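Asks: any chance you can model this:
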Amino acid sequence: MRALSQTREGIFDRQPDTETETDVSIQKKEAIEELTGNLAKQKDKDALMNSVLENDEESIQEGKVISDSISQGVGSFTPDIMFEKLVTNFKEAKKLYGKTIIRELSGYDPNYIDKNRNIPEFKRQLKSDIENNIKKYQEKKLIDDDYIVTNKGLFLSSLVLYIEELDKLITRGQGEKEIKEKHVYGEKGPIIPFKKGRYRDIALRPSIKLAIRRNHKQLHPSDLKSHERHRTGKINIIYAVDSSGSMKGEKLKVSKKAGIALAFKAIEEKNKVGLIVFEKEVRYTLPPSNNFIEIIQELARVRAGSETDFSKVLHKSRELFPQTKETKHLIFITDALPTAGKDPIQETLKATSQARAAGITVSIIGIKLEEDGLALAQKITDIGAGRLLICKNLDDLDALVLEDYTLTMSE
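Replies: Reported below is the predicted structural model:
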């Protein structure tokens with residue numbers, strides 16, 4: 001729509017003697033094509049959203065397959081390659097694709113394939129079924145002619161991630177963080193004697209009750225009670241997801257869902273959430289905002305990469321957080337020590353100290369960290385005045401993320 005707006009401005013702001021009618025016609029045509037394309041894309045998104053919300057099993061399973069393929073690091077859905085891996089090296093294929101992708105794209109239970117993959121008749125049927133199932137994804141424009149996931153496919157996977165996490169999420173917390181500071185436009189607080197101020201803050205019922213107890217037939221100024229308002233402090237959080245190679249698969253998938261849980265709860269409570277996806281380099285950033293849809297769409301497309309560099313994330317967070325007195329909190333989700341850089345440990349500790357000096361607190365939620373990783377994570381969170389929480393069971397990751405958020409709210 002922005003491009004359409006710019007095109008219209010070009011039409012109406014033109015000088016009559018510098019642009020021909022042919023140019024105008026071309027611009028109008030481009031504007032119409034732009035609008036038509038946008039409407040078609042929105043129609044596709046609406047249809048997908050309705051399918052998922054109405055619990056259409058086929059669409060949900062397709063979304064799960066795409067989501068798993070991204071988290072598993074599957075580059076494409078090329079049927080010949082998938083078939084070849086399944087029949088020649090099933091153990092490696094199972095590790096690469098995972099049970100969901102194999103089951104949905106072949107139509108068979110993975111164990112059944114393993115037992116029958118050397119039978120010629122079964123191999124022919126398996127190859128045909130994989131080709132036909134993948135063709136259905138192409139017909140629905142979830143993958144393109146080169147077997148790569150399309151934007152429509154990414155959107156579907158983000159919807160399914162959201163619905164799965166929402167079904168699991170039990171909302172907890174304390175609402176907005178309260179700052180003990182009187183404020184004109186804050187939330188209503190305790191009842192106090194009325195002082196000269198805004199009449200809309202008068203607590204009418206307590207005032208009348210007090211007048212009755214005093215046997216006053218009319219309200220006296222001394223009977224008046226009012227609400228003391230407190231300013232509510234907003235929290236800005238950045239969710240930093242480690243997308244290094246060791247996070248591939250289920251770790252990355254549950255990290256995405258935990259990020260969705262955090263964004264859902266924090267934004268619902270009028271706080272802002274940002275995103276940093278990192279490995280050796282910072283791959284994607286999103287400043288703290290209340291744009292929930294953008295957050296889940298970017299989480300859905302995260303793929304596993306190579307090494308890990310914490311220091312770059314800490315430096316980038318200082319750029320992304322607003323320069324205000326509001327709470328600024330960075331949450332790392334990782335399973336390993338930083339490995340990139342000349343001296344990764346010292347660089348990380350120095351960057352943590354600089355972030356803390358900038359008013360940023362740093363927490364780490366470690367996924368099955370080893371002893372060396374635990375020791376460093378403790379140092380980082382000590383310097384960063386945050387918390388170290390250890391995730392031993394992946395199903396608990398979202399609860400730990402929400403626990404850290406709740407504790408940040410209460411500080």
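Asks: list the contacts for residue 126?
Replies: When contacts are counted by C-beta atoms under 8 Å, 6 or more residues apart in numbering, residue 126 touches 83, 86, 87, 106, 108, 113, 117. From N, CA and C alone the C-beta is placed, and that goes for glycine too.
Asks: residue ranges with poor pLDDT in this structure?
Replies: Confidence mapping of the chain against pLDDT under 70 gives the ranges 1-55, 169-202, 227-233, 306-307, 339-341.
Asks: the domain parsing of it - what is it?
Replies: Under automatic domain parsing, the residue ranges defining each domain of the chain are 2-53, 57-168, 177-233, 235-410.
Asks: can you redo the contacts of residue 126 as TSV with distance to residue 367, neighbour count and secondary structure?
Replies: As requested, these are exported to TSV (distance: C-beta to C-beta, whole Å; neighbours: other C-beta atoms under 10 Å; DSSP: H, G, I helix; E, B strand; the rest coil):
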residue	distance to residue 367	neighbour count	secondary structure
83	33	21	helix
86	29	26	helix
87	34	19	helix
106	30	21	helix
108	32	19	coil
113	30	21	helix
117	33	17	coil
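Asks: just put these in a markdown table and tack on distance to residue 323.
Replies: Listed next are the contacts of residue 126 as a markdown table, based on distance: C-beta to C-beta, whole Å:
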| residue | distance to residue 323 |
| --- | --- |
| 83 | 55 |
| 86 | 54 |
| 87 | 58 |
| 106 | 53 |
| 108 | 57 |
| 113 | 56 |
| 117 | 60 |
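Asks: among these, which one lies nearest to residue 133?
Replies: Lowest distance from residue 133 to these (C-beta to C-beta) belongs to residue 106, with 7.2 Å.
Asks: for that closest one, give its distance to residue 84.
Replies: Using C-beta to C-beta, to the nearest Å, residue 106 is found at 13 Å from residue 84.
Asks: ditto for residue 128
Replies: Distance, residue 128 to residue 84, using C-beta to C-beta: 14 Å.
Asks: and the nearest residue to residue 279 once chain neighbours are set aside, which of the three is it?
Replies: Nearest non-adjacent residue to residue 279, counting by C-beta to C-beta, 6 or more residues apart in numbering: residue 305, 3.7 Å away. Three-state call for residue 305 (DSSP: H, G, I helix; E, B strand; the rest coil): coil.
Asks: let me know how buried residue 305 is, in neighbour terms.
Replies: Using other C-beta atoms under 10 Å, residue 305 has 19 neighbouring residues.
Asks: quick one: it from residue 73, how far?
Replies: 9 Å.
Asks: for residue 344, state which of the contacts of residue 126 is nearest.
Replies: Nearest to residue 344 out of those is residue 86 (C-beta to C-beta; 38.7 Å).
Asks: what sits against the closest one?
Replies: Residue 86 is in contact with 93, 102, 106, 113, 117, 126, counting by C-beta under 8 Å, 6+ apart.
Asks: contacts for the host helix or strand of the first one, please.
Replies: It stands for residue 93. Using DSSP states H and E, residue 93 sits within helix 90-106. Helix 90-106 has contacts (C-beta under 8 Å, 6+ apart) with 61-62, 64-65, 68-69, 72, 74, 77, 82, 85-86, 108-110, 113-114, 117, 126, 129-130, 133-134, 249.
Asks: now it, how far from the centre of its chain.
Replies: Taking C-alpha atoms, centre = their mean, to the nearest Å, one finds the center of helix 90-106 at 26 Å from the center of the full chain.
Asks: repeat for stretch 104-123
Replies: Here stretch 104-123 is found 36 Å from its chain centre; the criterion is C-alpha atoms, centre = their mean.
Asks: need the distance between the two termini of that stretch.
Replies: Taking C-alpha to C-alpha, to the nearest Å, the first and last residues of stretch 104-123 lie 17 Å apart.
Asks: now swap in stretch 379-389 and tell me
Replies: Taking C-alpha to C-alpha as the measure, stretch 379-389 stretches 13 Å from start to finish.
Asks: can you map out the helices along the stretch 101-250 of the chain?
Replies: Remark: helices assigned in the stretch 101-250 of the chain by DSSP state H, counting those that start in this stretch are 110-116, 120-139, 151-168, 204-213, 250-268.
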